[in-house]
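J.: Here is a sequence with its predicted model. Questions after.
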Amino acid sequence: MTVSPCRNNFFVTHKDIYQFLLAVQENCLTNNCRQIVSISLELDWVDPLVVLDKLAQANEINFYFENRGKGEAIAAIDAVTKLQINGQDRFNQAEYFIKSCLKNIIPFGDIHKPLAVPRFFCYFSFFNQNIQTDYPFPSATIFLPRWQIAVKNQHCILVANLLITANTNLDKIWHDLWSKIELINSLEYFSPKLDFFSTHLSKQSVTQGTAFKRSVVSALEKIQASHLSKIVLADALDVKANHQFNLYKSLNNLRQIHPNCYVFSTSNGKGQNFIGASPERLICIQNQQLITDALAGSAPRGKTPAEDAANANRLLNSEKERHEHSLVIDFITQRLSQLGLSPQTLPPRLRQLSNIQHLWTPISATVPPNVHPLKIVAQLHPTPAVAGAARDVACAEIRRYESFERGLYAAPLGWIDSQSNCEFIVGIRSALIDGDRARLYAGAGIVAGSDPDKEFAEVQLKLQALLKALV
Ligand SMILES: C=C(O[C@H]1C=CC=C(C(=O)O)[C@@H]1O)C(=O)O
């Protein structure tokens, strides 16, 4: 049934929903169980970033995901149920958690509308286990939001996930739902509060330039000695501002500067947020059709069209960049084949962003119904675009070379819906925000032929672009 809180059928909808909640509670009483009802409602269009700004509380987890180019944005606020774990079984446990929750969810609304189904939001850290004991996010978080508001082009759908037990006060739940809707409906004329006072920043590179370049030289020796063929080394930049970072302003900047990237933000409900704008899609599955990106090999954008075209040409024809890129394609196609999929590789092309361009090969496959999206995430993460090849050797070396915890940097984050559609991206070009402090992360792939100065410059280019967007 399609329900709409708007205009003429407003009162009918109220009644329908209340009757539905009563019926679910009746069932909980009879069977001594608890259930989650997932109510979807079409609303007038509103910017999910504004909803996040107005509804999110510092002590609740949330998630924001936007791709302006695709006209899509979603905000997930507060958790009705969540799993937070560490360790190497995290992807299996996450899959099990989602499957068990789904057995208990009763939808209300038109579930054939793509935005109307409940989604589980997930974020993982790069390694199974964070070594830094006070790192503010666990190595896996999976949650079903209480409030999910999504737009695609002109459509806007709210999904409210409500826990019902025999003792739930239905009047309160019902009242909360409608007051949220009224609040959201009143938001369309607001925009995120932007501050206009000037920002002073003090910056401190976590890895000094000389140390980063020394690591590149050492990695090149290991590559020469055939211990590995690629390693992605990252740097971090610590920034302290004279005021708290304004998350909504940063996200608003990021989506304007990077309309063809995935802009994301997650909160741990304890005051820290991890945000960024990533060009790299790990997997997207729609109706069993999977698409993944091999993205590696970079060049700066030119200042003039002629310089830009020359940089692009050099990138497309560089043996070193193509080698770095092909390691990612080979890895992804092998790993998908091991799962029984038949990946199809399209010819390489350019992915041009505002400050940088990459070699990009989309890879597609059909996913059999018995392969859960998280099996594919576990199989692919980390690809050589963010770790290296051979992967395990590269990961061990990353731990040795990098002095900081990667945490959520370069790790999968995204969502899965109740029909196994999903979208996961790789959290590169990202920052951990904590009040007036931020740690920014970016890396570069090192292969035979890499020049330490150029790799360092590439990482600084990424970090500076991110910093500009954050303030
Ligand atoms: C690891 C990052 O970028 C990867 C993705 C695309 C191109 C890359 C490169 O050319 O080095 C990196 O492999 C990062 O930006 O932090």
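T.: Good, I have the coordinates.

J.: I'd guessed residue 358 sits against residue 293; true?
T.: No: taking contacts as CB atoms under 8 Å, residue 358 lies outside contact range of residue 293: 9.3 Å. The C-beta positions use only the backbone N, C-alpha and C, and glycine is treated the same way.

J.: Excluding chain neighbours, what is closest to the residue positioned nearest the centre of the chain?
T.: Centroid-nearest residue in the chain, with CA atoms, centre = their mean: residue 413, separated by 3.6 Å. Closest residue in space to residue 413, ignoring its immediate chain neighbours: residue 123 at 4.0 Å, by CB to CB, 6 or more residues apart in numbering.

J.: Contact partners for that neighbour?
T.: Applying CB atoms under 8 Å, 6 or more residues apart in numbering to residue 123 gives the contacts 63, 137, 140, 141, 266, 274, 408, 411, 412, 413, 414, 427.

J.: Go again with 7 Å.
T.: Residues in contact with residue 123 (CB atoms under 7 Å, 6 or more residues apart in numbering) are 141, 266, 408, 413.

J.: can you tell me which of the residues you listed are in strands?
T.: Judged by DSSP state E, strands contain the following of the contacts of residue 123: 141, 266, 413.

J.: which residues of the stretch 51-200 of the chain fall in strands?
T.: Taking DSSP state E, counting those that start in this stretch as the test, the strands found in the stretch 51-200 of the chain are 61-67, 72-85, 105-108, 119-124, 140-152, 155-164.

J.: repeat for the stretch 301-450 of the chain
T.: Under DSSP E, counting those that start in this stretch, the stretch 301-450 of the chain gives strands at 344-345, 349-352, 356-366, 388-389, 412-417, 422-426, 430-434, 437-447.

J.: picking up where we left off before, partner residues bridging the residue nearest to residue 413?
T.: Under DSSP bridges, the beta-bridge partners of residue 123 are residue 141, residue 413.

J.: Outline the domain layout of the protein.
T.: Following automatic domain parsing, the chain resolves into domains at 7-189, 201-470.

J.: Mind telling me which of these the model trusts least?
T.: Ranked by mean pLDDT, the domains of the chain end with domain 7-189 in last place, scoring a mean of 92.

J.: what kind of secondary structure is residue 40 in?
T.: With DSSP: H, G, I helix; E, B strand; the rest coil as the basis, residue 40 sits in strand.

J.: next one: the one 10 residues further on
T.: For residue 50, the assignment made with three-state DSSP gives helix.

J.: Looking at the strands of the stretch 51-200 of the chain, spot the one closest to residue 458.
T.: Closest to residue 458 of these is strand 61-67 (CB to CB; 24.0 Å).

J.: Of the strands of the stretch 301-450 of the chain, give the one that comes closest to residue 201.
T.: Residue 201 lies closest to strand 437-447 among the strands of the stretch 301-450 of the chain, at 9.1 Å (CB to CB).

J.: Show me the helices in the stretch 251-400 of the chain, by range?
T.: Secondary structure of the stretch 251-400 of the chain, counting by DSSP state H, counting those that start in this stretch: helices at 305-317, 319-338, 373-380, 391-401.

J.: Columns distance to the ligand and mean neighbour count on top of these, output as a markdown table?
T.: Shown next, in a markdown table, are those (distance: least, CB to the nearest ligand atom, whole Å; neighbours: other CB atoms under 10 Å):
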| stretch | distance to the ligand | mean neighbour count |
| --- | --- | --- |
| helix 305-317 | 9 | 13 |
| helix 319-338 | 6 | 19 |
| helix 373-380 | 14 | 21 |
| helix 391-401 | 11 | 16 |
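
J.: Which one of those helices lies nearest to residue 46?
T.: Closest to residue 46 of the helices of the stretch 251-400 of the chain, according to CB to CB: helix 373-380, at 28.4 Å.

J.: can you give me how far that closest one is from the chain middle?
T.: In terms of CA atoms, centre = their mean, to the nearest Å, the centre of helix 373-380 is found 15 Å from the chain centre.

J.: just checking, what packs against that helix?
T.: Counting contacts by 3 or more CB pairs under 7 Å, 6 or more residues apart in numbering; DSSP states H and E, helix 373-380 packs against helix 90-102, strand 281-286, helix 319-338.

J.: roughly how far apart are the closest residue to the ligand within the stretch 151-300 of the chain and residue 321?
T.: Per CB to the nearest ligand atom, residue 298 is where the stretch 151-300 of the chain lies closest to the ligand, at 3.4 Å. Residue 298 is 7 Å from residue 321, where distance means CB to CB, to the nearest Å.
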